[in-house]
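Trainee: Sequence and computational prediction follow.
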Amino acid sequence: MLSLRIALRYLFSKKSHRAVNIISSIAIAGVAVATTAIVVVLSVFNGFGRLSEDHLSKTDPDIRIIAATGKSFAGADSLAARLRDVTMVAAAVPVIEERGMLISDYAQIPVEFKAVGDGYDSVVDLSEVVIDGAYVNSFDSTGCMQLSVGVANRTGLRPGVATTAELYVPRRKGRINPANPESSLRHSNLIVSGVLQVDQSDVDNDRIIIPLDDARRMLDYDTEASAIEIALTPGADPGKAAEAIQLATGPGYRVLDRHMQQADSYRMIQIEKWVTFMMLVFILLIASFNIISTMSLLIIEKRSDSSILRALGAARGTVRKIFALQGFLITACGGVIGIACGIALSLLQEHFGIIKLAGDPAALTIDVYPVALEWGDIAVVAAAIVVVGALTSAVTGLFTKNIR
């Protein structure tokens, strides 16, 4: 293609005016820097997203089943037993989530308690996040509880046989005696067996974990539960497993994978990622203005060449196409350099952790900026480069209307 060959020659050949060469190099560098920034920033967002997913996986099950309507549902034990026979299901345990008041000798604070049944460690291994004491469901026939680090700090409670506290919840059934307000509450004496820390604010702030039997007694539940949490067999596909579980439970239940359980968190990360992407693309668009100024100078410099081409029989559209392609090629050249640099920097950070996080490494969960390169992002960046290049080419075409 004649127009493309001439445009490539103009791109790499020396110009008669040195200023044109310098401005062309600056234009390419501007696009390259902007593109590098886009690739690196998207990779950093991916890294923080994966870091968030790793933290959530410490406390979130593979699959969680809740009622389609209402806060709890009956027959949870029989449903959990039935689900254990479903293909790809390794364990299924009913849980109850509710709020209550925890009273110790030092403080009274509202807490969110999660009551779990026997075998819950097969669903979520909380022993990995115990920082003091041990994870157990019962102790000498007396209920034990695990405190989040925030509850432990605010109440002064620590693991030990003699360390007990009382958990109060409103009575669900029966008549209330106004003369005896305490009769409107149900409570359970619990021994502190462990302290948990998962580096997730909504869990570390006010969460406690207690046995399922204690919660059912306080809430006057029989077989009710708030949810059933499921662990899948190693290597199982979460999507296919969720479909099989939904088929087994029926339309009265919602089956949530890990992303659906934390939909708001993942959605916020994605929104921030793509809003930042749009802002950086706008900066890339501004950087392309240098290309337009470069093309203006190039059109002036190559005026004599254009006249010769016209005299040799080249159509006016062919000459215009040469400069339009030149604008696109400059953008594409800067974009390719920027993508290559962005990939190199992202991979270096991902595998070698060159840039460290400020602060005490002992107090940080990670000590380097998390980065994860995803090739889908590279495709999106390449598409943005093509769009910006097309716009640059179109604007360049406006400057060549007067070529004769």
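Mentor: Okay, I see it.
Trainee: Point out where this structure drops to low pLDDT.
Mentor: Low-confidence regions of the chain, defined by pLDDT under 70, span residues 1-20, 55-57, 137-142, 161-162, 174, 176-182, 296-319, 359-365, 397, 399-404.
Trainee: max-length strand in it?
Mentor: The residue-count maximum for a strand in the chain (DSSP state E) belongs to strand 89-103.
Trainee: Leaving out sequence neighbours, find the closest residue to residue 123.
Mentor: If you skip the residues right next to it in sequence, residue 123 has residue 231 as its closest partner in space, 4.4 Å away by Cβ to Cβ, 6 or more residues apart in numbering. (Each C-beta comes from the backbone N, C-alpha and C, glycine too.)
Trainee: so what's that neighbour up against?
Mentor: By Cβ atoms under 8 Å, 6 or more residues apart in numbering, the residues touching residue 231 are 61, 62, 89, 90, 91, 92, 122, 123, 124.
Trainee: ok, it to residue 345 distance?
Mentor: As for residue 231, its distance to residue 345 is 38 Å (criterion: Cβ to Cβ, to the nearest Å).
Trainee: Also residue 59?
Mentor: Taking Cβ to Cβ, one finds residue 59 at 33 Å from residue 345.
Trainee: Is it correct that the residue nearest to residue 123 falls within a strand?
Mentor: Yes: secondary structure assignment (DSSP: H, G, I helix; E, B strand; the rest coil) places residue 231 inside a strand.
Trainee: Make residue 1 into 448 and carry on from there
Mentor: Will do, 448 is the new start, and the previous item becomes residue 678.
Trainee: Residue 486 contacts residue 826, correct?
Mentor: No: the pair residue 486 and residue 826 does not pass the contact test of Cβ atoms under 8 Å, sitting 11.3 Å apart.
Trainee: which of these two has more neighbours?
Mentor: When residue 486 is set against residue 826 and neighbours are counted by other Cβ atoms under 10 Å, the residue ahead is residue 486, at 25 against 10.
Trainee: which residues touch that one?
Mentor: By Cβ under 8 Å, 6+ apart, the residues touching residue 486 are 785, 786, 788, 789, 790, 792, 793, 820, 824, 825, 828.
Trainee: in which helix or strand would I find the most centrally placed residue in the chain?
Mentor: Taking Cα atoms, centre = their mean as the criterion, residue 496 is the residue nearest the geometric centre of the chain, at 3.0 Å. In this structure, residue 496 is located in helix 465-504 according to DSSP states H and E.
Trainee: Only the buried residues of that helix, if you could.
Mentor: Judged by neighbour count (16 or more other Cβ atoms under 10 Å), helix 465-504 contains these buried residues: 467, 470-471, 474-475, 477-496, 499-500, 502-503.
Trainee: quick revisit: identify the residues contacting the residue nearest to the centre of the chain.
Mentor: By Cβ under 8 Å, 6+ apart, the contact list for residue 496 reads 713, 716, 717, 720, 819.
Trainee: Can I get the residues you listed in JSON lines including distance to residue 607?
Mentor: Converted to JSON lines, the contacts of residue 496 look like this (distance: Cβ to Cβ, whole Å):
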{"residue": "713", "distance to residue 607": "39"}
{"residue": "716", "distance to residue 607": "40"}
{"residue": "717", "distance to residue 607": "44"}
{"residue": "720", "distance to residue 607": "45"}
{"residue": "819", "distance to residue 607": "42"}
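Trainee: Distance check, residue 729 against residue 720.
Mentor: To residue 720, residue 729 is 15 Å away according to Cβ to Cβ.
Trainee: the more surrounded of these two?
Mentor: Using other Cβ under 10 Å as the criterion, residue 729 and residue 720 rank with residue 720 on top: 17 against 11.
Trainee: The more buried one against residue 490, yeah?
Mentor: No: the pair residue 720 and residue 490 does not pass the contact test of Cβ under 8 Å, sitting 10.2 Å apart.
Trainee: starting at the chain centroid, how far to stretch 648-663?
Mentor: How far stretch 648-663 lies from its chain's middle: 25 Å, per Cα atoms, centre = their mean, to the nearest Å.
Trainee: which residues are in contact with that stretch?
Mentor: By Cβ under 8 Å, 6+ apart, the list of residues contacting stretch 648-663 from outside reads 506, 541-543, 545, 549, 556-565, 573, 584-585, 590-598, 614, 635, 637, 643-645, 668-669, 671-672.
Trainee: Show me the residues you listed that map onto helices.
Mentor: Among the contacts of stretch 648-663, the residues falling in helices (DSSP state H) are 596, 597, 598.
Trainee: List the contacts of the first one.
Mentor: To tie it back to what came earlier, the one meant is residue 596. Applying Cβ under 8 Å, 6+ apart, we find residue 596 in contact with 578, 642, 643, 644, 651.
Trainee: Same check on the last one?
Mentor: Under the criterion of Cβ under 8 Å, 6+ apart, the contact list for residue 598 reads 549, 556, 558, 604, 652, 653, 654, 655.
Trainee: Distance-wise, check it relative to residue 618.
Mentor: In this structure, residue 598 lies at 23 Å from residue 618, with Cβ to Cβ as the measure.
Trainee: One more: residue 597?
Mentor: In this structure, residue 597 lies at 27 Å from residue 618, with Cβ to Cβ as the measure.
Trainee: Which one of these two is surrounded by more residues?
Mentor: Higher neighbour count among residue 597 and residue 618: residue 597, with 19 against 15, using other Cβ under 10 Å.
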